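Engineer: could you work out the structure for the sequence below:
(chains A, B, C and D)
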Protein chains: 2
Amino acid sequence: MGATVPVIRVVDDDEPFRTAISRLLRAAGYQVRDYASAGAFLLADGGSEPGCVLLDLRMPGPNGLDLQSALRKRDDALPVVFLTGHGTVPATVRAMKDGAEDFLTKPVKREVLLEAVRRALARDAERRGAGEHLRRLRERFDGLTSRERAVMELVVAGRLNKQIAAAIGASERTVKAHRARVMAKMGAASLADLIRSADRVLREPREPREPATAGQA
Amino acid sequence: MGATVPVIRVVDDDEPFRTAISRLLRAAGYQVRDYASAGAFLLADGGSEPGCVLLDLRMPGPNGLDLQSALRKRDDALPVVFLTGHGTVPATVRAMKDGAEDFLTKPVKREVLLEAVRRALARDAERRGAGEHLRRLRERFDGLTSRERAVMELVVAGRLNKQIAAAIGASERTVKAHRARVMAKMGAASLADLIRSADRVLREPREPREPATAGQA
DNA sequence: GCAGGGATTGCCCCTTGGGGCAGCGGCCGC
DNA sequence: GCGGCCGCTGCCCCAAGGGGCAATCCCTGC
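Structural biologist: Numbering: from 1, shown residues only, chains lettered A, B, ... in the order given. Just a heads-up that it's a prediction; the model follows:
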């Protein structure tokens, strides 16, 4: 189990700074990978390993905000901590609106940086935990037949078996059969269980969130 | 109800600017109240009317961030939009982390300001709607006796009546009676209903920040 | 002390949910 | 065409949920 060390991805075009930060983080016990550009990072890292991203704002090629947007589109979006010397208020606003964990300015105190990283990692762990659970639920849900799904929806809506039978045009006995299979396939020990699982699975897929009109420019 | 015009509270020590902003907002159809300091605002406004707060960062006395913190502690916390000429990155970060709707810098374009205000008002309306529903549920929940609450918790945990009876040391018939009263008092038409209400009411009081999953606006 | 009210419980009856068993009918592969 | 598999269904039985009715018991106000 568990002792996977989180991976901190450091993305910054300033090589000496990158090296210094990486050393600091390694000394704190983290595994670190560093990249000189957003592109290099995106090519090399699929985001599957737990961790977070430490990101410079201004870089040649796609900048930090662009990279953050790209990350947000991936299911496994990693938490982002900005660390930059050229921070402006509008950029900060946009970064925070887009869900950045923090936005620090160089030079940064060691404790401040480590604290931000800790929070980012905590968030990532939480997200992964919740995501994993939801993924399993969704898998199970996908294993239902369309008939079973229909019954499930009506069951969690609080309808009685006989009402469900009338609604889908089947006998009550059939509804019971479907219902039993739904409970089994969804791994629900009780109706309460099923309802909670259903409410999580049926909640619409994440919406990308409107591009947040970044406070002017 | 219905056509209540939202009230924009403008808090800024710069009198000419305050006047100009107020005029702009009134022209856009909003009701505006302006205050020269955080203290003046807190004394005069209980936050009961729908709307939002347009806040300067740097002011004599308590500053904008202090006021934002104070607002967050009130149940009816109004959405806050910062509008300041002295923005710094750390102040922006703190404001956004504390849930500010936006952080704008003077001078601000008319459209940018109005758009931010629109979003703040939309958030306020949403919060009030959800809050209202939750408040009613909580009221109903508070109307339960401790015995009924105990039964309710076990019911929504998926326990059978006989298990509940054993757990609370009562007869099954009594559990049924409590259960029926819980359904009636909570206004639940079905077990599914009750479970959903319970999950909302029993969820612990809101923490400060919550973007965790759905990266907020 | 006594009446009224709420909580608790037993008794009984009905409805619902859950599930075993078997018959039926359609679809698939050989 | 045939046997097997699966979904749908009826018949039956049992457990669980829901609730009417009445008796007890305890507490409170008059």
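Engineer: name the residues that touch stretch A:29-37?
Structural biologist: Applying C-beta atoms under 8 Å, 6 or more residues apart in numbering or on different chains, the contact partners of stretch A:29-37 are A:5-13, A:15, A:18-19, A:21-22, A:25-26, A:41, A:44-45, A:51, A:59-62, A:117. Yep, even glycine has a C-beta here, placed from its N, CA and C like the rest.
Engineer: what pLDDT, on average, does it get?
Structural biologist: In this model, stretch A:29-37 carries a mean pLDDT of 93.
Engineer: how about the strands in chain A?
Structural biologist: A:7-11, A:31-35, A:51-55, A:80-84, A:102-105 (DSSP state E).
Engineer: output the second one as CSV, nothing but the C-alphas.
Structural biologist: Just to be clear, that refers to strand A:31-35. The C-alpha atoms that make up strand A:31-35 are tabulated as CSV, following Å, rounded to 0.1, in the frame of the first residue of the first chain:
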residue,chain,number,x,y,z
GLN,A,31,10.2,13.6,-5.2
VAL,A,32,10.8,16.4,-7.7
ARG,A,33,10.7,16.6,-11.4
ASP,A,34,11.6,19.8,-13.1
TYR,A,35,10.8,21.2,-16.5
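Engineer: now for chain A, the helix or strand with the poorest mean pLDDT.
Structural biologist: One helix or strand of chain A scores below all others by mean pLDDT, DSSP states H and E: helix A:64-73, with a mean of 86.
Engineer: can you pull the buried residues of that helix?
Structural biologist: Using 16 or more other C-beta atoms under 10 Å in any protein chain shown as the burial criterion, the residues of helix A:64-73 that qualify are A:64-65, A:67-68, A:71.
Engineer: again with stretch A:190-206
Structural biologist: For stretch A:190-206, the neighbour count (16+ other C-beta under 10 Å) marks A:190-198, A:201 as buried.
Engineer: do the top helix by length along chain A and DNA strand D meet?
Structural biologist: Using DSSP state H, we find that the single longest helix of chain A is helix A:110-142. No - using C-beta under 7 Å from any atom of the strand, helix A:110-142 stays clear of DNA strand D, coming no nearer than 14.9 Å.
Engineer: let me see the contact set for the residue of chain A positioned farthest from its centre.
Structural biologist: In chain A, counting by C-alpha atoms, centre = their mean, A:Ser171 sits farthest out from the average C-alpha position, at 42.4 Å. Residues near A:Ser171 by C-beta under 8 Å, 6+ apart: A:Ala165.
Engineer: in chain A, what spans have low per-residue confidence?
Structural biologist: The model of chain A has pLDDT under 70 over residues A:1-3, A:75-76, A:204-217.
Engineer: got the residues of chain A near DNA strand C?
Structural biologist: By C-beta under 7 Å from any atom of the strand, the residues of chain A that approach DNA strand C are A:160-162, A:173, A:176, A:179-180, A:183, A:191.
Engineer: what subset of the residues you listed is also close to chain B?
Structural biologist: Near chain B, judged by C-beta under 8 Å from any C-beta of the partner chain, the entries from the residues of chain A next to DNA strand C are A:Leu191.
Engineer: from the residues of chain A next to DNA strand C, which would you call buried?
Structural biologist: By 16+ other C-beta under 10 Å, the residues of chain A next to DNA strand C give A:161, A:179, A:183, A:191 as buried.
Engineer: before we move on, the earlier item: just the buried ones from the contacts of stretch A:29-37?
Structural biologist: By 16+ other C-beta under 10 Å, the contacts of stretch A:29-37 give A:6-13, A:18, A:21-22, A:25, A:41, A:45, A:51, A:59, A:62, A:117 as buried.
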